[in-house]
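Colleague: have a look at this prediction, sequence included:
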Amino acid sequence: MQNERTTEDVALGLRRRVFEHTIRNNGGYLSQACSAAEQLAWLYNEELKLGDPTLPMIPKPFEGVPAPTNPGYHTGAGYNGPAAPEYDRLFIAPAHYALVAYATLIEVGRMAPEGLEMFNKDGSSVEMIGAEHSPGMEVHNGTLGIGLSTGAGLAYGRKLRGEPGRTWVFMSDGEVQEGQTWEAVAAAQFHGIDNLCAIMDVNDQQCDGAMDSVMEVGDIRRKFIEFGATCVEIDGHDIQAMRDAAKEPHDGKPLIILARTSPYQTMPILEERFPRLHYVRFKSPDERARFNTSIAADLGVDPVEYAH
């Protein structure tokens, strides 16, 4: 299923989907689509070795939690294909990127477009904040900072079993404010978990505003290296830079790719909202119309028709 389209085209497509969804629903995670589109497109379209999806193209409703009385329970990881030894596994650590992740699944042919119409609806598995039963999600990562630890644990188990598949974690930079992230790196280095790779969307903004206004974190590349990782810093909108970074030797160490990005890449009108970009809900009908016209032109599509 990989490389049926260029990765650049996948990135543009998922931005267009998130834009349309945001305008129609008077709110959405636009800045995450701006900053992370190339990263998620590259992972799904090029880097990850995945099998065909094992779950329906149109997601089923939420079917309950794991329990003896619910033998058919499954996570949303089936949209990434089977958990076979030869395949890679992916954890989406920042669960609020779910809308962007769902759009990516659609663009690479792993979920039907109808799935996005179920977003944040009562009874739907297509959650606003991705849960373990949501498409493309394998565990619940709603608490930022646990994703890398979870990925490290799985990668260690796979390494002990001799499985060739890698474990990838998609992260956001707010997670470096959590101590568990650094513990995960130190443990991965100590145990030689070099089948663990992560790419971090470093867009310098989080729920409460600009990163440095919440807590300054300093030189995170140097910190990752000092905690025992191999760490490469790149332009997160440069797909060739991602390809090159993934080839960085990291024997005995996890690989961390810091992808420096802009939270208004391809949608410059969003800069008006900086640093309050975590979730964009329009403040007035005029603003909604103005953003619709401006972003549509930037993305090369017609403005979205929506109910006023």
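Modeller: Structure's in. What do you need?
Colleague: phi, psi for the closest residue to residue 64 other than its chain neighbours please.
Modeller: With CB to CB, 6 or more residues apart in numbering as the criterion, residue 64 has its nearest non-adjacent residue at 4.8 Å, and that residue is residue 70. All C-beta atoms are positioned from the backbone trio N, CA, C, and that covers glycine. Main-chain dihedrals, residue 70, degrees, to the nearest 10: phi -130, psi 70.
Colleague: got it, and residue 99?
Modeller: Torsion angles, degrees, to the nearest 10, at residue 99: phi -60, psi -40.
Colleague: ok, now residue 49?
Modeller: According to degrees, to the nearest 10, residue 49 has phi -90, psi 110.
Colleague: separation between it and residue 260?
Modeller: Separation of residue 49 from residue 260 (CB to CB, to the nearest Å) stands at 26 Å.
Colleague: hmm, residue 110 is touching residue 76, no?
Modeller: No. Residue 110 is beyond contact range of residue 76, at 10.8 Å (criterion: CB atoms under 8 Å).
Colleague: what's the overlap in contacts for these two?
Modeller: Taking CB atoms under 8 Å, 6 or more residues apart in numbering as the criterion, residue 110 and residue 76 both touch 135-136.
Colleague: ok, the two, which is more surrounded?
Modeller: For residue 110 versus residue 76, neighbours defined as other CB atoms under 10 Å are more numerous around residue 76 (27 against 23).
Colleague: OK, contacts around the more buried one?
Modeller: Taking CB under 8 Å, 6+ apart as the test, what residue 76 contacts is 55, 59, 125, 130-138.
Colleague: swap the cut-off to 7 Å and go again
Modeller: 125, 132-138 (CB atoms under 7 Å, 6 or more residues apart in numbering).
Colleague: try residue 39
Modeller: Counting by CB under 7 Å, 6+ apart, the residues that residue 39 touches are 170, 199, 201, 236, 259.
Colleague: can these go into TSV with extra columns for secondary structure, neighbour count and distance to residue 63?
Modeller: TSV is the format used below for the contacts of residue 39 (DSSP: H, G, I helix; E, B strand; the rest coil; neighbours: other CB atoms under 10 Å; distance: CB to CB, whole Å):
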residue	secondary structure	neighbour count	distance to residue 63
170	strand	24	25
199	strand	26	31
201	strand	28	31
236	coil	26	36
259	strand	27	35
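Colleague: can I get the residues you listed in TSV with distance to residue 45 and pLDDT?
Modeller: Formatted as TSV, the contacts of residue 39 follow (distance: CB to CB, whole Å; pLDDT from 0 to 100):
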residue	distance to residue 45	pLDDT
170	14	97
199	14	98
201	17	96
236	16	98
259	16	98
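Colleague: in CSV, list those along with distance to residue 144.
Modeller: Output for those, formatted as CSV (distance: CB to CB, whole Å):
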residue, distance to residue 144
170, 13
199, 16
201, 12
236, 19
259, 17
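Colleague: rewinding a little: who's more crowded, residue 49 and residue 260?
Modeller: The neighbour comparison of residue 49 against residue 260 (other CB under 10 Å) goes to residue 260, with 18 against 12.
Colleague: tell me where the model's unsure across the protein.
Modeller: Confidence mapping of the chain against pLDDT under 70 gives the ranges 1-2, 142, 207-213, 215.
Colleague: mind naming the longest helix for it?
Modeller: helix 7-24 (DSSP state H).
Colleague: list the buried residues of that one.
Modeller: 7, 10-23 (16 or more other CB atoms under 10 Å).
Colleague: cool, stretch 185-198 as well?
Modeller: 185, 187-189, 191, 193-198.
Colleague: now the helices: where do they sit in this structure?
Modeller: Under DSSP H, the chain gives helices at 7-24, 30-42, 98-107, 147-161, 179-190, 211-214, 220-226, 239-246, 285-299.
Colleague: out of those helices, which is closest to residue 64?
Modeller: helix 98-107 (19.6 Å; CB to CB).
Colleague: helices or strands next to that closest one in the packing?
Modeller: helix 7-24, helix 30-42 (3 or more CB pairs under 7 Å, 6 or more residues apart in numbering; DSSP states H and E).
Colleague: rebuild those helices as a markdown table, extending it with distance to residue 102.
Modeller: As requested, the helices and strands packed on helix 98-107 are exported to a markdown table (distance: least, CB to CB, whole Å):
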| stretch | distance to residue 102 |
| --- | --- |
| helix 7-24 | 8 |
| helix 30-42 | 10 |
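Colleague: so how far is stretch 173-183 from its chain's centroid?
Modeller: 16 Å (CA atoms, centre = their mean, to the nearest Å).
Colleague: equivalent analysis for stretch 163-177, please.
Modeller: That offset, for stretch 163-177, works out to 10 Å (CA atoms, centre = their mean).
Colleague: can you dump the C-alpha atoms of that stretch in CSV for me?
Modeller: Provided in CSV are the C-alpha atoms of stretch 163-177 (Å, rounded to 0.1, in the frame of the first residue of the first chain):
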residue,chain,number,x,y,z
GLU,A,163,11.6,-10.0,16.0
PRO,A,164,13.0,-8.0,13.1
GLY,A,165,10.2,-5.4,13.1
ARG,A,166,10.9,-2.0,14.6
THR,A,167,8.8,0.1,17.0
TRP,A,168,8.2,3.7,16.1
VAL,A,169,6.8,6.4,18.3
PHE,A,170,5.4,9.7,17.0
MET,A,171,5.8,12.4,19.7
SER,A,172,5.2,16.0,20.4
ASP,A,173,7.7,18.4,22.0
GLY,A,174,5.5,19.1,25.1
GLU,A,175,6.4,15.6,26.2
VAL,A,176,10.0,16.7,27.1
GLN,A,177,8.5,18.5,30.0
